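# any chance you could fold what I've pasted below:
(chains A and B)
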Amino acid sequence: DAKTTQPNSMESNEEEPVHLPCNHSTISGTDYIHWYRQLPSQGPEYVIHGLTSNVNNRMASLAIAEDRKSSTLILHRATLRDAAVYYCILRDVRNQGGKLIFGQGTELSVKP
Amino acid sequence: GAVVSQHPSRVICKSGTSVKIECRSLDFQATTMFWYRQFPKQSLMLMATSNEGSKATYEQGVEKDKFLINHASLTLSTLTVTSAHPEDSSFYICSATKTSGGYYNEQFFGPGTRLTVL
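Numbering: from 1, shown residues only, chains lettered A, B, ... in the order given. From the prediction side, this is the model:
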């Protein structure tokens, strides 16, 4: 599975939008883009995933560049509970075993 | 739905003893379960992939004789850390995917088990 690059940390103010970038320049045509987040002292939780088109769900939006070499996770209104480490992960659709390889992620802090 | 539990949540043991950690899918059947380890301020490191009724597949560098994994049913996988030493102290996290998930087998993670070896 191809590698991703994320900033180590980002800061946001409460109730403002947050854009978390992820670079994946070596992405292949069969790689899905997944985002998981890990709150302090907890296991990770699924946020969103996509292949080519932008995606929205109740937690966030995923904007995927046209060339698919980068993507952005968008939290529309950050809350204090969104403070977590956000992981951008690529997984090949042919990887039916489903394993996820976590990178370092972005630690998001939210200021009141 | 899709809840994964782990037991115990926290364990302290003496060096040389073995510790068993359970991972259960509470409201779904899990074809595949995964075990991760996470050291402080670091990312999750995949240790092994466990399929019900078959031997686990370990990632490179993970000692299979030290970290015994059993996936005896579609709702339970166990990780046993044998002859634990202080360097095995870590946060152990399991995850599971549904049998009926189709291609997109979202992983559902447990809350983790913090192991401290004295």
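# alpha carbons only for contacts and neighbour counts from here, please
Fine.
# which residue ranges form the strands in chain A?
A:9-13, A:18-23, A:31-38, A:45-50, A:55-56, A:61-64, A:70-75, A:84-92, A:106-111 (DSSP state E).
# list the contacts of the second one.
Judged by CA atoms under 8 Å, 6 or more residues apart in numbering or on different chains, the contacts made with strand A:18-23 from elsewhere in the structure are A:4-7, A:10, A:12, A:69-78, A:88, A:106.
# and the pLDDT at A:Arg94?
At A:Arg94, the model reports a pLDDT of 77.
# so it touches A:Ser28, yeah?
No: using CA atoms under 8 Å, A:Arg94 is not in contact with A:Ser28, being 11.3 Å away.
# please identify which of those two sits among more neighbours.
A:Ser28 (15 against 10; other CA atoms under 10 Å in any protein chain shown).
# and that one, how far from chain B?
17 Å (CA to the nearest CA, to the nearest Å).
# burial count for the nearest residue in space to B:Glu52 that is not next to it in sequence?
If the residues on either side of it in the chain are set aside, B:Glu52 comes closest to B:His71, at 5.0 Å by CA to CA, 6 or more residues apart in numbering or on different chains. B:His71 has 24 neighbours, counted by other CA under 10 Å.
# restricting to C-alpha, output the helix or strand hosting B:His71 in CSV.
B:His71 belongs to strand B:67-73 when assigned by DSSP states H and E. Taking C-alpha atoms only, strand B:67-73 is exported to CSV below (Å, rounded to 0.1, in the frame of the first residue of the first chain):
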residue,chain,number,x,y,z
PHE,B,67,2.5,-13.1,21.0
LEU,B,68,0.1,-16.0,20.7
ILE,B,69,-3.1,-15.3,18.9
ASN,B,70,-6.2,-17.5,18.9
HIS,B,71,-9.3,-16.7,16.9
ALA,B,72,-11.6,-19.6,18.0
SER,B,73,-14.9,-18.1,17.1
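# now for it, which elements pack on it?
strand B:45-51, strand B:76-81 (3 or more CA pairs under 8 Å, 6 or more residues apart in numbering or on different chains; DSSP states H and E).
# export stretch A:15-33 to PDB, keeping only CA atoms.
Output of stretch A:15-33 as PDB, limited to C-alpha atoms (Å, rounded to 0.1, in the frame of the first residue of the first chain):
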ATOM      1  CA  GLU A  15     -16.600  26.100  15.900                       C
ATOM      2  CA  GLU A  16     -14.300  27.000  13.000                       C
ATOM      3  CA  PRO A  17     -13.700  24.700  10.000                       C
ATOM      4  CA  VAL A  18     -10.600  22.500   9.900                       C
ATOM      5  CA  HIS A  19      -8.900  21.300   6.800                       C
ATOM      6  CA  LEU A  20      -6.500  18.400   7.400                       C
ATOM      7  CA  PRO A  21      -4.300  17.700   4.400                       C
ATOM      8  CA  CYS A  22      -2.800  14.400   3.200                       C
ATOM      9  CA  ASN A  23      -0.300  13.900   0.400                       C
ATOM     10  CA  HIS A  24      -0.200  10.500  -1.300                       C
ATOM     11  CA  SER A  25       1.700  11.100  -4.500                       C
ATOM     12  CA  THR A  26       2.300   7.400  -5.200                       C
ATOM     13  CA  ILE A  27      -1.300   6.400  -4.900                       C
ATOM     14  CA  SER A  28      -2.400   3.700  -7.400                       C
ATOM     15  CA  GLY A  29      -5.600   3.500  -9.200                       C
ATOM     16  CA  THR A  30      -6.900   0.800  -6.900                       C
ATOM     17  CA  ASP A  31      -6.100   2.600  -3.600                       C
ATOM     18  CA  TYR A  32      -9.000   3.900  -1.500                       C
ATOM     19  CA  ILE A  33      -8.300   6.800   0.800                       C
END
